[in-house]
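Engineer: I'd like to go over a predicted model; first the sequence, then the structure.
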Amino acid sequence: MKMTRDGDAFIARLTPRQVSAMYEALSYLSDRGCGDTELTLLVGTGREAVDALMKRLAGRHTESRDFRFTMGELHMVLSALTAAPTMFTGREGAFLEEPFNIRLGFYRENFDALACAVVRAAAEA
């Protein structure tokens with residue numbers, strides 16, 4: 001992933017799969033029926049901001065393209081990518097890969113790698 005700075009914003013060149021993973025992570029957390037307090041604890045902001053970012057990420061993307069993010073939006077994406085997997089644990093606390101993959105359409109490793117790439121790209125920008 002490559003990011004550049006534009007003032008206080010970050011311009012990220014994202015592949016369709018990266019956009020989809022970000023959208024699915026935010027969508028899953030938003031759709032869980034949790035209140036604004038829980039959502040804010042999970043991603044650092046309330047439903048209105050989450051919905052606005054999801055709207056920008058929504059749709060069928062077929063080519064890589066640039067997305068403009070604020071620092072808060074990058075934090076929201078990073079938090080969603082790291083928080084969503086924690087919702088898929090069994091009684092013993094073990095991660096449940098199959099339900100995660102079925103619901104989100106990705107493996108956890110994809111979310112982990114994307115989260116790391118977001119941090120690395122922002123730091124380098």
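Structural biologist: Alright, I've got the coordinates.

Engineer: secondary structure class for the residue located most distally from the centre of the chain?
Structural biologist: Among residues of the chain, the one most distant from the C-alpha centroid is Glu92; the distance is 26.0 Å, by Cα atoms, centre = their mean. Secondary structure, DSSP: H, G, I helix; E, B strand; the rest coil: Glu92 is coil.

Engineer: What does the pLDDT read for Gly33?
Structural biologist: Confidence per residue is given as pLDDT, and for Gly33 that number is 78.

Engineer: My reading is that Ile11 lies in a helix. Confirm?
Structural biologist: No. When three-state DSSP is applied, Ile11 is found to be strand, with no helix at that position.

Engineer: For it, give the beta-bridge partners.
Structural biologist: Applying DSSP bridges to Ile11 gives these bridge partners: Thr4, Arg68.

Engineer: Let me see the ranges of the strands in this structure.
Structural biologist: For the chain, strands defined by DSSP state E occupy the ranges 2-6, 9-14, 65-69.

Engineer: Need those in JSON lines (columns: distance to Val118).
Structural biologist: Yep, even glycine has a C-beta here, placed from its N, CA and C like the rest. Converted to JSON lines, the strands of the chain look like this (distance: least, Cβ to Cβ, whole Å):
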{"stretch": "strand 2-6", "distance to Val118": "8"}
{"stretch": "strand 9-14", "distance to Val118": "8"}
{"stretch": "strand 65-69", "distance to Val118": "9"}
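
Engineer: Please point out which parts of the helix or strand bottoming out on mean pLDDT in the chain sit buried.
Structural biologist: Taking mean pLDDT, DSSP states H and E as the measure, the chain has helix 36-43 as its least confident helix or strand, at a mean of 93. Along helix 36-43, these residues count as buried under the neighbour rule (16 or more other Cβ atoms under 10 Å): 39, 42-43.

Engineer: now do stretch 27-36
Structural biologist: Within stretch 27-36, the residues that qualify as buried are 27-30, counting by 16+ other Cβ under 10 Å.
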